[in-house]
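# Below are the sequence and a predicted model; questions follow.
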Amino acid sequence: MAAIIEAEALTKRYGGKRGIAGVSFQVEEGEVFGFLGPNGAGKTTTIRVLMALLKADAGTARIAGMDAWQQSVEIKKLIGYLPGELALDPHLTGGQILEYFGHLRGGVDQTYLKQLIGRLNLDPSRKFRQYSTGDKRKLGLIQAFMHRPRLLVLDEPTNGLDPLNQQEFEHMVQEMRDDGRTVFLSSHILTEVEQTCSRVAIIREGQIARVGGVAEVKDIKRYEIAITFATAVPADAFRTLTGVERVDALPDGHTLRLAMQGVADEVIKVAARYPVVTLTSHEPSLEDIFLRYYEGDGQAVKEASHVVS
Amino acid sequence: MWFRSVFLKTLRDFRVAILGWGVGMGLLMYAVLSAFPSLVETPQARASLVSLSASFTWIAEPIKVDTPGGYLTFKYGFTILVMALWPLLVGSRMLRGEEERGSMDALLSLPRGRVRLALEKMAAMWVALLAMALLIGFLTFGSGRSVTPSIDLGDALLFGLNLSLICGVFGSIALFISQFTQERRTAAGITGGLLLLFIVLDMLHRVISGTEWISRFSPVYYYNLSKPLVPGYGTNAGALLVLVALNVILSGAAIAIFARRDVGGVVAMPRWLRLPERALSPERALPAEAWSLRSIYRRSLAQIAVPTFWWTFGLAAFAGWMIVVIKQTEATLATLTESSPILKDLITKVGGGDVTTNATFLSAFYVLLPVLLMAFAVTQASRWAADEEDGLQELILATPQPRLRVLLARFGAVATATGIISVVTLIVAALSSAVSGLKLDGGNLAAATLSIIPLGLLMAAVGYLLSGWLRAAVETGILSFLLVIWFFITFVGPELNWPAATLRLSALYYYGTPLLHGLPVGDMLAILAVAIVALVLASVRFVRKDIGR
């Protein structure tokens, strides 16, 4: 498959402040690509460079083979865009806004538009300023989807949506993918990316930390074992065992959580010396992986754990 | 220190306004007082001034206009109430603005009550108004002393206080009305209308005898009862108390309502005052064929339709009314100018021609037409910059619309609006001339009303250019400053006998005196050329710049 988005060493600075530096990734046509990172990591800057709202200081961005800055008008014929912060004329109704953007895009299929309004249960007769945060998001999503774009660029698309509408959004993304269209979405909600995306890029402090398939990113041979004992056990007995990366003991001393990499043979054997009540093991969630990229950076870990809770 | 309380934070927000309005208004006092001695150089000139002022009682009651304080009080008349625009805007956004932005929720999550919050904000507005009063008072006193020792500090400060109180009344009205409106700009618009209405109500008793009882309904009437700068007239304590009472009652009622209503909600109006709620059919909810939604140009035009209507109304009414006023005072003015060479000279400098013609007098007033249109252009340029700052350009630029088209469509809408304003002004002026019987050259009248277009476009283009780099507030400040400076040069410069080179620094200079001498084609083309250059540069910048929030 050909790449529909090609970012090569994209750099953008805001005066002395960091923006993004050397961001490179590719998004294949027809895939759903997740762009992960905490607040301030550079997700929105990257997206705004792709949308030619910002001019990159260095590097190139190509969409459908065209230069994102030089041929932005042609590119925007292919794109549906939802910004992270939606600002629209507060005096227009939702319906007027949708028709206005429909005209600016050269017209939209009114039947499909009505379908989208119905699916997301939006009242188009209310003024934008009267909408709740969720309704504003729904309106933004409808305007991004309504012309059936070849590429959807969505910045934090489910911010403010209730679970029911999040589910509907996931269905809409699924349909786009089934139809051979591409979705590029940024998020800090990792479970959402896990459920909707086939590949992800993780951005940290303006730089790409990792790009890969969701399964590939998850499959780095890390997992967690939680053992609950009948009595308190010394955590130190497990710290130096092969495969153990970290041991956390719950306050009562009965339960240990072990971050593992590799074989668990020694752990099982040592645990067998104590009266075990339960033993569970599970694969790391994307959140665990995400947090790991921020280990050693207290602020980032705190921020990330806050946003995913 | 400035972030320790709502009061201090709000006061900090007002620091530029305090200096701007305080010093700006103070300098206007200085300009008039400096020019005063030349107006009363000879007994004839003094007599002419007194007689002439009697013909303009609609501006203000002419009392002792041959004294510096009397002349100053008369000269600015009701126009000094332009300062009420500041508290009017502050009052309308004080609570409603916070609610619209959503920041009121955060403020009310603090451990302090609604009443205290509102009182702190209001206290900040009053401290700012009183600081402006002090600045105006001191500057009036300082400049007055250079002309005559008859102005004392106490009177100058009372002059500033009286002005602050009447301006505060309009802030309080705006605050009160904002409790009933969903948007701050609706409250500001209604209060602006009331400001004009109250000015006219006050004016009524000076123009038509036996109508003083009507004027008493206007707060402006009570402002005018005190004339601290007029020797021997003094301050009317009762009138000052009326203004204080109006402020307390209106603000108190507004705060009482705010303490009881829903945040973000409005006070429910009686059923008979409410607009009928219309349930939109699905077809109307999605107006695919709506004219105003089919392009950026049309949408921009629809967006500015309401302000354009009001500015058109204002300019056309001014142009028409001035013709009627000149007609009414035609005979008096002719006699006066024949008997006073100095007055003749003054009118000639500003009006620019033969005083035996009506057009000369009218020309002196019509110089205000380009000023007003340029003020309209400032508001529109400011809106362009604010839209980008508010993120309203983001989604439009995500559609396949070239940036150049977006900018030109918006500018095109402003240009169309300035054209409409000018043409309607011409039509109203022509009708007024025909109805009143004031003879004017049709071609020159067309030149006087239509040649304001290039000046409006110049202001808008410069605004668009500045918005390529500057934030909306800074851009608006610079444009407003430019307009005030140009106004100052054009209106005060001739009185102070400034050299022609200085007068040429004002764009208004190039408007010339079209009512007398026809269209200054060369000058207008030059202004138009500068406007085009500014627009081209603005376009180049907009096409290349980062779109910010």
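Yep, that arrived.
# which residues sit in contact with the residue in the stretch 201-309 of chain A positioned nearest to chain B?
In the stretch 201-309 of chain A, the residue that lies nearest chain B is A:Gly206 (16.1 Å; C-beta to the nearest C-beta). (Each C-beta comes from the backbone N, C-alpha and C, glycine too.) A:Gly206 makes contact with A:18-21, A:23, A:41-42, A:45, according to C-beta atoms under 8 Å, 6 or more residues apart in numbering or on different chains.
# Ok, A:Phe128 next?
Neighbouring residues of A:Phe128 by C-beta under 8 Å, 6+ apart: A:88-94, A:97, A:136, A:139.
# Looking at those residues, which are in strands?
Assigned to strands by DSSP state E, none of those qualify.
# Considering only those residues, which also neighbour chain B?
By C-beta under 8 Å from any C-beta of the partner chain, the members of the contacts of A:Phe128 lying near chain B are A:88-89, A:93-94.
# can you pick the most crowded of those residues?
Highest neighbour count within these: A:Gly94, with 26 neighbours (other C-beta atoms under 10 Å in any protein chain shown).
# Give me the three-state assignment for the nearest residue to that one once chain neighbours are set aside.
Using C-beta to C-beta, 6 or more residues apart in numbering or on different chains and skipping the chain neighbours, the partner closest in space to A:Gly94 is A:Pro124 (4.2 Å). Recorded secondary structure, A:Pro124: coil (DSSP: H, G, I helix; E, B strand; the rest coil).
# okay but A:Pro124 is in contact with B:Ala285, surely?
Yes. With contact defined as C-beta atoms under 8 Å, A:Pro124 reaches B:Ala285; the gap is 4.4 Å.
# Show the model's pLDDT score for residue 213.
By default, I'm working from chain A. On the pLDDT scale, A:Gly213 is placed at 88.
# look at chain B instead
91.
# before we move on, what about A:Tyr294?
59.
# before we move on, back to that, list phi and psi for the residue nearest to A:Gly94.
The phi and psi values for A:Pro124, taken as degrees, to the nearest 10, are phi -80, psi 0.
# So, low pLDDT: which residues of the stretch 401-549 of chain B?
Low-confidence segments of the stretch 401-549 of chain B, defined by pLDDT under 70: B:495-496, B:549.
# Which residues of it lie near chain A?
Neighbours of chain A within the stretch 401-549 of chain B, by C-beta under 8 Å from any C-beta: B:401-402, B:544-547, B:549.
# Correct me if wrong, but A:Val183 is in a strand.
Yes. According to three-state DSSP, A:Val183 belongs to a strand.
# Is the residue nearest to B:Ile151 when sequence neighbours are not counted in a helix, a strand, or coil?
In this structure, B:Ile151 finds its nearest non-sequential neighbour in B:Gly144, 3.3 Å apart by C-beta to C-beta, 6+ apart. With three-state DSSP as the basis, B:Gly144 sits in helix.
# My read is that B:Leu404 contacts B:Arg541, right?
No. The pair B:Leu404 / B:Arg541 is not scored as a contact, 11.2 Å apart, by C-beta under 8 Å.
# okay, these two: which has more neighbours?
Per other C-beta under 10 Å, whichever of B:Leu404 and B:Arg541 has more neighbours is B:Arg541, with 16 against 13.
# Show me how far the helix or strand where the more buried one lies is from its chain's centre.
In the assignment (DSSP states H and E), B:Arg541 maps to helix B:521-544. Remark: helix B:521-544 is offset 26 Å from the chain centroid, using C-alpha atoms, centre = their mean, to the nearest Å.
# List the buried residues for that helix?
Buried positions in helix B:521-544, judged by neighbour count with 16 or more other C-beta atoms under 10 Å in any protein chain shown: B:523-524, B:527-528, B:530-531, B:534-535, B:538-539, B:541-542.
# what helices or strands is it leaning on?
Secondary-structure packing of helix B:521-544 (3 or more C-beta pairs under 8 Å, 6 or more residues apart in numbering or on different chains; DSSP states H and E): helix B:403-436, helix B:452-466.
# what's that helix in contact with?
With C-beta under 8 Å, 6+ apart as the test, helix B:521-544 has contacts from A:55, B:403-404, B:406-408, B:411, B:451, B:454-455, B:457-458, B:460-462, B:464-465, B:467-469, B:507, B:510-512.
# Under a three-state scheme, what state does the residue nearest to A:Arg62 when sequence neighbours are not counted occupy?
Of all residues beyond its chain neighbours, the one nearest A:Arg62 is A:Glu6 (4.4 Å), with distances taken as C-beta to C-beta, 6+ apart. State at A:Glu6, reduced to three classes by three-state DSSP: strand.
# Who does A:Glu6 form a beta bridge with?
Beta-bridge partners for A:Glu6, by DSSP bridges, are A:Gln26, A:Arg62.
# hang on, the earlier thing: now that the residue nearest to B:Ile151 has come up, it's in contact with B:Leu153, right?
No. Assessed by C-beta under 8 Å, B:Gly144 is found out of contact with B:Leu153, at 9.5 Å.
# Can you give me the neighbour number for B:Ala31?
18.
# do B:Ile478 as well
Using other C-beta under 10 Å, B:Ile478 is surrounded by 15 other residues.
# list the contacts for B:Trp2?
By C-beta under 8 Å, 6+ apart, the residues touching B:Trp2 are B:8-9, B:11-12.
# Now list the buried members of the residues you listed.
B:Leu11.
# any chance of the contacts of B:Trp2 in CSV, plus secondary structure and distance to A:His171?
Below are these laid out as CSV (DSSP: H, G, I helix; E, B strand; the rest coil; distance: C-beta to C-beta, whole Å):
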residue, secondary structure, distance to A:His171
B:Leu8, helix, 52
B:Lys9, helix, 46
B:Leu11, helix, 53
B:Arg12, helix, 50
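# Might you report the residue contacts of the residue lying closest to A:Gln207 once chain neighbours are set aside?
Distances taken as C-beta to C-beta, 6+ apart put A:Ala21 closest to A:Gln207, at 5.6 Å, once the chain neighbours are dropped. Applying C-beta under 8 Å, 6+ apart to A:Ala21 gives the contacts A:11, A:13, A:206-207.
# so what's the backbone phi/psi at the closest residue to chain B within the stretch 151-300 of chain A?
Closest contact between the stretch 151-300 of chain A and chain B, by C-beta to the nearest C-beta, is at A:Val153 (8.3 Å). Here is the backbone geometry of A:Val153 (degrees, to the nearest 10): phi -110, psi 110.
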